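Novice: Any chance you could fold what I've pasted below:
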Amino acid sequence: MPVDSWKRIEELYHAALERAPADRSRFLTQACAGNEDLRREVESFLSYDDRAAEFIETPAFELAAKQWASDARSESGDQASLLSALSEQIGAYQLLTPLAKGGMGEVYLAMDTRLKRKVAIKLMPVDSGADRERVRRFEQEALAASALNHPNILTVHEIGETEGRKYIVAEYVDGETLRERIGLRNQRIRPDEAVRIAVQIAGALDSAHAAGIIHRDIKPENVMVRPDGLVKVLDFGLAKVSLARREPEGGALERLSTQDGIVMGTAAYMSPEQARGQELDRRTDIFSLGVLLYEMLGARRPFEGPTTSDVIAAVLTHDPAPLSASCPDVSASLEGIVSRCLEKDPDKRFQSAGELRSALEAVSLLPEPKGARTWPWFSRLASRPLIIGLTLGFLILVVALISSYTNETAHPSEQADGKVSGKPGGKSIRREYGPGASFAFTVPDGWILSWSDAPAVSPDGRYIVFTALPTSAEVGREVSLWVRDLDSSQARLLPGTEGGTSPFWSPDSRFVAFWAKGMLYKVGISGEAASTVCKTGRGFAGTWSQDGIILFPALVALGSRLCRVAATGGEAVVLDSLAEGETARYDPRFLPDGRH
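Specialist: Numbering: from 1, shown residues only. Sure thing, here's the model as predicted:
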């Protein structure tokens, strides 16, 4: 959203707040002057502001016994009053000590006298029985957790009622919340440890999503880590059943529902669609986990602001600062995973928690030394004399092939599944798969192939992108990008690619990146508008990883240096310095796995 548009939204929002609720609709009708998008944005903020306080509550079981013990000396009077309000026994459970007290109830450490184990008991507040919504939410927490069976989800043993107060009996977790780890200590969590924690959270979410349950409130307060490293996801009080998994006939999961359009959750960890009060699916939890992972690694939230409204605005309109700025030892692949989780568009995120977990398990956690991200294969070969010899032989062969190539008029682009070539200034493109296997097609009438770029075949082998020049003076002499489905006889002009050069594909074959007017852009082949990735100056020969990282050479005085940028956009970072005697580094390529 343009900055001016957001300023207008903010102005109208504050102006509406100064008016009585009954007068706001008439005011917005006049102020928005028929601009329904503008009005919808302002009303979404007003709706959130009206309801925010209602849903800010302390999550269940979020404080460990150690934290309570440290506070107990100054709050002994509160402990006594809490315990005095109840008998020391609830059924088979003997109350030992209070653990926490919040808006949704009181939590006690207790002993299960039958099984001789410690448990946590959460009781609803006194005099809360008449509040049907609060009772429903309390029961919902137990129903959601009890419907799941996963080692990383808090186990609920029992739900009951005593002295007119409902209670939940759950396993006791002796550990600390991530809020304690991050917020109270104000320190980053090491990348390897952060990934181990995130893998477990993703596993818990994958299990919940498989049961049709969306958590909707993943945040540091709702994640506990035991001393042995085991993670527990807490507080399903805001959980909601996915529309695709509602059970018929009023089953247990059917009861876990909320009114559509109500904003529930914690602002800094909400997905954009959650902040707008829209219908949610499992991908909202993936966004929240991305926020949590960003915070673990960088000891700061990706979306911040002085007020709740400012935070919501940041979630909706701002891109977070590069994670590497606050966590210099994060690998490019891990940073790419976080960036993908934080995509505004749910379709661009990981589509399931299982997919995210697999990516986290496979990610390289080692810090990447200067140059390692661009030539990892060379650093491995450097200690292998035999392979160095083979490599040198291979390079000689490559030089010979290049020499042969320069004597031809074709301009080829090598692909894993064939060779693509076309005559610069000509009308045809040819693809060769081997002896006796090839095809060719012509570019559209009124256009000729550009001299500067080779055609490029998409990773899935379905499309080819090429640059062409118009032959008509009326159109102008500016090169543009064209894409053709190899199963079709027609090529399509990609709008917004005027002046584009050196195209290369995204790993999923959905986008093409290119340079134009000193900027790196990307454009979707299915109609997505061209958007800026970063400012580069003149560029060429880029490569795009599975983790959403683009590497490219940037021209400098008397040479070039390799740079990195997130495919979602941001500031390009120079990866390494030229060694003595070097003048340029260029043509980076990721290995076939798309990550190294």
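Novice: Quick check: closest non-adjacent residue to residue 455.
Specialist: Distances taken as Cβ to Cβ, 6 or more residues apart in numbering put residue 466 closest to residue 455, at 3.9 Å, once the chain neighbours are dropped. C-beta: built from backbone N, CA, C; applies to glycine.
Novice: Surely that neighbour is in a helix?
Specialist: No. With DSSP: H, G, I helix; E, B strand; the rest coil as the criterion, residue 466 is strand rather than part of a helix.
Novice: low-scoring stretches of the stretch 151-300 of the chain, by residue?
Specialist: Judged by pLDDT under 70, the stretch 151-300 of the chain has its weakly predicted residues at 183-186, 236-265.
Novice: So which residues of it form strands?
Specialist: Secondary structure of the stretch 151-300 of the chain (DSSP state E, counting those that start in this stretch): strands at 156-162, 165-171, 176-177, 213-214, 223-225, 231-233, 240-241.
Novice: mind listing what the fifth one pairs with, with the direction of each?
Specialist: It refers to strand 223-225. Sheet pairing here is set by DSSP bridges, and for strand 223-225 it gives strand 176-177 (antiparallel), strand 231-233 (antiparallel).
Novice: check contacts around residue 520.
Specialist: Residue 520 sits next to 513-514, 532-536, 539, 542, 550, 552, 565, 572 when contact means Cβ atoms under 8 Å, 6 or more residues apart in numbering.
Novice: circling back to that earlier point, what bridges to the residue nearest to residue 455?
Specialist: Going by DSSP bridges, residue 466 forms beta bridges with residue 482.
Novice: Could you find the closest non-adjacent residue to residue 106?
Specialist: residue 123 (5.2 Å).
Novice: Including mean neighbour count, could the strands of the stretch 151-300 of the chain go into a markdown table?
Specialist: A markdown table is the format used below for the strands of the stretch 151-300 of the chain (neighbours: other Cβ atoms under 10 Å):
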| stretch | mean neighbour count |
| --- | --- |
| strand 156-162 | 16 |
| strand 165-171 | 21 |
| strand 176-177 | 22 |
| strand 213-214 | 26 |
| strand 223-225 | 25 |
| strand 231-233 | 23 |
| strand 240-241 | 22 |
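Novice: Which one of these lies nearest to residue 470?
Specialist: strand 213-214 (50.3 Å; Cβ to Cβ).
Novice: looking at the sheet around residue 551, what are its partners?
Specialist: residue 543, residue 564.
Novice: In this structure it contacts residue 566, no?
Specialist: No. Contact criterion Cβ atoms under 8 Å: residue 551 and residue 566 do not qualify, at 11.3 Å.
Novice: quick one: which of those two has more around it?
Specialist: Between residue 551 and residue 566, residue 566 has the larger neighbour count (other Cβ atoms under 10 Å), namely 26 against 22.
Novice: mind listing what that one touches?
Specialist: 322, 335-336, 339, 548-550.
Novice: From residue 495, how far out is the residue nearest to residue 233 when sequence neighbours are not counted?
Specialist: Spatial nearest neighbour of residue 233, chain neighbours left out: residue 204 (4.3 Å); criterion: Cβ to Cβ, 6+ apart. From residue 204 across to residue 495, the span is 43 Å (Cβ to Cβ, to the nearest Å).
Novice: okay, the two: which has more neighbours?
Specialist: residue 204 (26 against 12).
Novice: and that one, what does it touch?
Specialist: 150, 152-153, 231, 233.
Novice: One more: residue 151?
Specialist: Here residue 151 is in contact with residue 230 (Cβ under 8 Å, 6+ apart).
Novice: Phi and psi next, for it.
Specialist: phi -60, psi -20 (degrees, to the nearest 10).
Novice: coming back round to it: what residues are up against the residue nearest to residue 106?
Specialist: 86, 105-108, 162, 165-167.
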